[in-house]
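Peer 1: A predicted structure for the sequence below; I have some questions about it.
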Amino acid sequence: MPLSPPAGLAFEDSTLFLDLDGTLFELDDCPGAVCADAQTRLLLDTLLDRLDGRLAVVSGRSLAQIDGMLGAVSRDIWISGSHGGEHRWGGVTISPPRPGQLDDVAARFCAFADEHPGVLVEEKSLGVALHYRMMPQAEADAVALAHELAESHGLFLQQGKMMAELRDAGSDKGSAIRAMMAHPDLAGTTPVFAGDDLTDEPGFAAVRDLGGHAILVGEPRPTAATYGLRSPGDLREWLWEALA
Ligand SMILES: O=P(O)(O)OC[C@H]1O[C@H](O[C@H]2O[C@H](CO)[C@@H](O)[C@H](O)[C@H]2O)[C@H](O)[C@@H](O)[C@@H]1O
């Protein structure tokens, strides 16, 4: 059953958490090509103002990637990157050391990509991802390699949309949202989280536990979200309408 869009956004007492890829931004064949256009930057600026600063991004991207994708407005947004592994808010950045095993993983992923034209390797601060969106027939071998390396290197296998990523275990978008909501500036507000992927489900569960609202962006599927919007374009339009 498709979920209904939320009626509106209560700007005076909400904290808005946004996932990026597949939620604020349409998916692209090339992860490095995704970047906010002028209209989306204006949207984020306007949301920040109306929410009195209570705007957060919760993403699998690294902090550095998020800054590059969003531009200057990124500095004023509460950010949790790397699937809850690194954070920047209240002027404080927390980014743990990069697991040393990732160098070997990156080399193995690059060798795989060399043998499978169209497969891409994405190096992040706390993870390495193997993308097969442009070569879906490589999925089984790519995922098998990721499983093998996760096992041999003691890393967590994070699967996403047409990609497999290795990173440290111990965090997810639920833990990220809970940590931000415990901050005195956000505690007591109503969390609203929009996401699209299975990796967003712990975030949906967290906001519902905290009395908030979860919005699934994309095709209907089993989910903890209670509201739905069909696409990133629909999410941006819904946000503009809420602001009007
Ligand atoms: O948590 P998110 O902000 O949704 O980030 C999740 C992953 O998104 C990116 O990969 C996805 O988007 C790419 C660009 O549209 C697409 O090519 C890829 O197939 C998707 O899986 C990003 O590259 C990853 O690092 C993020 O973990």
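Peer 2: Looks like it arrived, so ask away. Numbering: from 1, shown residues only.
Peer 1: what kind of secondary structure is the residue in the chain that the ligand sits nearest to in?
Peer 2: Going by C-beta to the nearest ligand atom, the ligand is nearest to residue 60 of the chain, at 2.5 Å. (C-beta placed from N, C-alpha, C; glycine too.) Using DSSP: H, G, I helix; E, B strand; the rest coil, the structure places residue 60 in coil.
Peer 1: wait, it sits on residue 85?
Peer 2: No - contact between residue 60 and residue 85 fails when scored by C-beta atoms under 8 Å: they sit 9.3 Å apart.
Peer 1: list residues touching both of the two?
Peer 2: Common contacts of residue 60 and residue 85 (C-beta atoms under 8 Å, 6 or more residues apart in numbering): residue 127.
Peer 1: just the pLDDT for the residue most central in space within the chain.
Peer 2: What sits nearest the mean C-alpha location of the chain, by C-alpha atoms, centre = their mean, is residue 59, with 2.3 Å. Residue 59 is assigned 98 on the pLDDT scale.
Peer 1: does it touch residue 17 like I think?
Peer 2: No - counting by C-beta under 8 Å, residue 59 does not reach residue 17; the two are 10.0 Å apart.
Peer 1: would you map the strands across this protein?
Peer 2: Secondary structure of the chain (DSSP state E): strands located at 14-18, 55-58, 78-81, 86-89, 92-94, 120-123, 127-131, 156-160, 163-167, 190-195, 213-217, 227-229.
Peer 1: make TSV out of these and add distance to the ligand.
Peer 2: Converted to TSV, the strands of the chain look like this (distance: least, C-beta to the nearest ligand atom, whole Å):
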stretch	distance to the ligand
strand 14-18	9
strand 55-58	7
strand 78-81	9
strand 86-89	13
strand 92-94	18
strand 120-123	5
strand 127-131	5
strand 156-160	4
strand 163-167	4
strand 190-195	7
strand 213-217	10
strand 227-229	15
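Peer 1: next, count neighbours for residue 97.
Peer 2: Per other C-beta atoms under 10 Å, the neighbour tally for residue 97 reads 8.
Peer 1: residue 241 too?
Peer 2: Neighbours of residue 241 under the rule other C-beta under 10 Å: 11.
Peer 1: this structure against the ligand: which residues are in contact?
Peer 2: Counting by C-beta under 6 Å from any ligand atom, the chain comes close to the ligand at 19-22, 27-29, 31, 34, 59-61, 122, 124, 129, 131, 133, 160-163, 165, 197, 199.
Peer 1: and the closest residue in space to residue 119 that isn't next to it in sequence, what does it touch?
Peer 2: Sequence neighbours aside, residue 113 is the residue nearest to residue 119 in space, at 4.4 Å (criterion: C-beta to C-beta, 6 or more residues apart in numbering). Contacts here follow C-beta under 8 Å, 6+ apart; on that basis residue 113 touches 119-121, 130.
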